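Peer 1: Dropping the sequence and predicted coords here.
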Amino acid sequence: VQLQASGGGLVQAGGSLRLSCAVSGFSLDYYTIGWFRQAPGKEREGVSCITGGGTVRYTDSVKGRFTVSRDNAENAVYLQMNSLKPEDTAAYYCAATGSRVPTSFPALYRFWGQGTLVTVSS
């Protein structure tokens, strides 16, 4: 099982980025994929997740700005981030859990990809 996040970069406030999470070794139909972020000096927090059944969840601070989606044929999950704010600056990670219900608890995610850095300048 492998996950690989990509798509981070430097963007001005109000801009957009699209993160990708390429997965291998398992089917997206049976796993929930979560997006997490961790800013320097802060705890890792759940940003969004999408279950095998397609249920999505977002943390309040990104609702209306971020959209999670998946492409089973491509074995990939995406996080479209619009109207970015400086407080969105963090390392972003994708992770997988066998939970069939959406969850934002990092401890429930067994498999993790490496982070991709998102920096939003003011």
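Peer 2: That came through fine. Numbers count the residues shown, from 1 in each chain.

Peer 1: middle-most residue in this protein, spatially?
Peer 2: For the chain, the residue whose C-alpha lies nearest the mean C-alpha position (CA atoms, centre = their mean) is Trp35; its distance is 2.3 Å.

Peer 1: who does the helix or strand containing that one pair up with?
Peer 2: Assessed by DSSP states H and E, Trp35 sits inside strand 32-38. Strand 32-38 has the following sheet partners, assigned by DSSP bridges: strand 45-50 (antiparallel), strand 90-97 (antiparallel).

Peer 1: most neighbours per residue, which of the ones you listed?
Peer 2: Comparing those by mean neighbour count (mean count of other CB atoms under 10 Å), strand 90-97 ranks first with a mean of 24. The C-beta positions use only the backbone N, C-alpha and C, and glycine is treated the same way.

Peer 1: Residues contacting that strand, please?
Peer 2: Applying CB atoms under 8 Å, 6 or more residues apart in numbering, the contact partners of strand 90-97 are 1, 3, 5, 8, 19, 21, 23, 26, 31-39, 42, 44, 47, 77, 79, 103, 106, 108-118.

Peer 1: let's see it at 6 Å
Peer 2: 3, 5, 19, 21, 31-39, 108-109, 111-113, 115-118 (CB atoms under 6 Å, 6 or more residues apart in numbering).

Peer 1: Equivalent analysis for stretch 72-84, please.
Peer 2: 11, 15-23, 28, 33, 35, 65-70, 120.

Peer 1: Only whichever of the residues you listed are buried, select them in ChimeraX.
Peer 2: For the buried members of the contacts of stretch 72-84, the matching ChimeraX selection, counting by 16 or more other CB atoms under 10 Å, is:
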select :11,17,19,20,21,23,28,33,35,66,68,70,120
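
Peer 1: tell me the SS of Ala73?
Peer 2: Under DSSP: H, G, I helix; E, B strand; the rest coil, Ala73 falls in the helix class.

Peer 1: What separation do you get for it and Leu28?
Peer 2: Noted for Ala73: a distance of 10 Å to Leu28, by CB to CB, to the nearest Å.
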